[in-house]
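> The amino acid sequence is not available; the structure is as follows:
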């Protein structure tokens with residue numbers, strides 16, 4: 001008897017810096033979401049698609065849920081909160097990703113970080129999997145079991161799964177578990193499609209990733225990227241992108257001394273975009289000051305934020 005084909009949507013939720021984007025990329029098998037060491041890198045819902053012979057799994061990587069406690073403010077923060085909960089609402093399976101290494105070192109942080117999700121998941125009838133991520137960083141493996149027991153007490157209806165997204169430890173087994181929770185159904189996307197995001201959006205995200213990697217303190221959080229020109233031909237792509245910052249001082253930091261900062265960002269982004277499109281890339285970057293852009297709904301929508309522009 002042939003195995004029924006499964007297809008469904010999976011919401012990856014959790015606190016900032018828990019490894020949701022790294023896990024999304026590991027599960028899809030390709031980079032579809034940007035990853036940095038800084039928390040709250042993800043601003044939009046990013047959809048990654050894994051198509052196999054007997055299943056299609058549609059992963060939704062969401063912004064960190066700490067915004068629910070007011071730590072992310074302004075219109076952008078509200079949009080990020082809405083994005084996370086919209087993904088939660090439409091998912092067939094919910095995967096809560098938590099930083100096991102952090103909670104092993106600082107147990108008091110666990111209830112603080114996970115409080116916004118305890119009640120919603122306690123009332124949830126859909127399948128819930130809690131991934132205790134970053135177990136590769138556990139120096140004392142004997143402490144893992146008490147941590148898993150604490151997580152199980154906090155989320156009694158969920159399945160608890162230790163893993164390391166970065167090292168891919170447990171990723172295949174986790175995928176099998178997720179697949180088992182999906183409904184039967186035909187694929188919703190072509191088998192060669194890895195994401196719903198257009199190339200322009202992916203390029204903007206890559207540029208923003210490089211900004212996050214090279215900037216410090218609050219500066220990367222006040223930065224947005226808008227690809228204003230995308231001119232693609234058979235053998236090359238011309239890209240003009242504007243980098244928006246909130247203060248003139250931030251503009252100087254992005255540009256760097258003698259333009260070295262913006263040059264390094266452009267070089268790193270160009271290489272990754274070239275690998276993405278498999279063509280020569282001509283990338284030009286401009287830095288513009290736009291105060292209070294995080295509170296301008298129209299501007300945010302033009303950058304791809306908001307329910308109508310989810311990717």
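Thanks, I have the structure now. This one's a predicted model, so the numbers in the text were calculated from it and none came from an experiment. Numbering: from 1, shown residues only.
> ok, which stretches of the stretch 101-250 of the chain are strands?
Ranges of strands in the stretch 101-250 of the chain, per DSSP state E, counting those that start in this stretch, are 128-133, 159-162, 224-232, 236-245.
> Switch the ones you listed over to CSV; also include distance to residue 144, mean neighbour count and mean pLDDT.
(C-beta placed from N, C-alpha, C; glycine too.) Converted to CSV, the strands of the stretch 101-250 of the chain look like this (distance: least, CB to CB, whole Å; neighbours: other CB atoms under 10 Å; pLDDT from 0 to 100):
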stretch, distance to residue 144, mean neighbour count, mean pLDDT
strand 128-133, 8, 25, 98
strand 159-162, 7, 18, 98
strand 224-232, 39, 16, 97
strand 236-245, 42, 20, 98
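> want to try a markdown table for those strands, with distance to residue 284 as columns?
Listed next are the strands of the stretch 101-250 of the chain as a markdown table, based on distance: least, CB to CB, whole Å:
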| stretch | distance to residue 284 |
| --- | --- |
| strand 128-133 | 38 |
| strand 159-162 | 45 |
| strand 224-232 | 8 |
| strand 236-245 | 5 |
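> got the domain boundaries for this structure?
Domain assignment for the chain by the TED database gives 6-181, 199-303.
> Deepest in the core, which of those domains is it.
Stretch with highest mean neighbour count among the domains of the chain: domain 6-181 (a mean of 19; mean count of other CB atoms under 10 Å).
> how far does that one sit from the chain's center?
A distance of 10 Å separates the centroid of the chain from that of domain 6-181, by CA atoms, centre = their mean, to the nearest Å.
> What's the end-to-end length of that domain?
With CA to CA, to the nearest Å as the measure, domain 6-181 spans 9 Å from end to end.
> same check, this time on stretch 10-17
One end of stretch 10-17 to the other measures 19 Å (CA to CA).
> I would like the residues contacting stretch 215-228, please.
With CB atoms under 8 Å, 6 or more residues apart in numbering as the test, stretch 215-228 has contacts from 38, 40, 200-201, 203-205, 207-208, 211-212, 239-247, 250, 253-254, 293-294, 302-303.
> Over to stretch 101-117?
Under the criterion CB under 8 Å, 6+ apart, residues 13-15, 65-66, 68-69, 96, 98, 134-135, 137-138, 143-144, 147, 150-151, 154 lie in contact with stretch 101-117.
> how many other residues sit next to residue 192?
7 (other CB atoms under 10 Å).
> Now for it: which residues touch it?
If you count contacts by CB under 8 Å, 6+ apart, residue 192 has them with residue 51.
> Kindly provide the distance from the residue nearest to residue 147 when sequence neighbours are not counted to residue 189.
Spatial nearest neighbour of residue 147, excluding adjacent residues (CB to CB, 6 or more residues apart in numbering): residue 104 at 5.5 Å. Residue 104 is 38 Å from residue 189, where distance means CB to CB, to the nearest Å.
> where in the stretch 1-150 of the chain is pLDDT low?
The model of the stretch 1-150 of the chain has pLDDT under 70 over residues 1-2, 66-73.
> So which of the contacts of stretch 215-228 belong to helices?
200-201, 203-205, 207-208, 211-212, 250, 253-254, 302 (DSSP state H).
> With pLDDT and distance to residue 271 as added columns, please give those in CSV.
CSV is the format used below for those (pLDDT from 0 to 100; distance: CB to CB, whole Å):
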residue, pLDDT, distance to residue 271
200, 94, 18
201, 93, 19
203, 97, 12
204, 96, 16
205, 95, 15
207, 98, 12
208, 96, 15
211, 96, 15
212, 93, 16
250, 95, 24
253, 94, 22
254, 96, 19
302, 87, 27
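> Show me which of those residues is closest to residue 32.
residue 205 (9.6 Å; CB to CB).
> and the residue nearest to the closest one when sequence neighbours are not counted, which of the three is it?
Once flanking residues are discounted, residue 205 sits nearest to residue 34: 4.9 Å by CB to CB, 6+ apart. Secondary structure, DSSP: H, G, I helix; E, B strand; the rest coil: residue 34 is coil.
> tell me the phi and psi of residue 34?
Main-chain dihedrals, residue 34, degrees, to the nearest 10: phi -70, psi 150.
> what's stretch 146-157 in contact with?
Residues contacting stretch 146-157 (CB under 8 Å, 6+ apart): 96, 98, 100, 103-104, 107, 110-111, 114, 118, 121-122, 124, 128, 130, 132, 158, 160, 162.
> my guess is residue 13 meets residue 89, correct?
No: Residue 13 is beyond contact range of residue 89, at 11.4 Å (criterion: CB atoms under 8 Å).
> ok, now which ones touch the residue nearest to residue 205?
Shown in contact with residue 34 (CB under 8 Å, 6+ apart): 21, 41, 42, 205, 206, 208, 209, 212.
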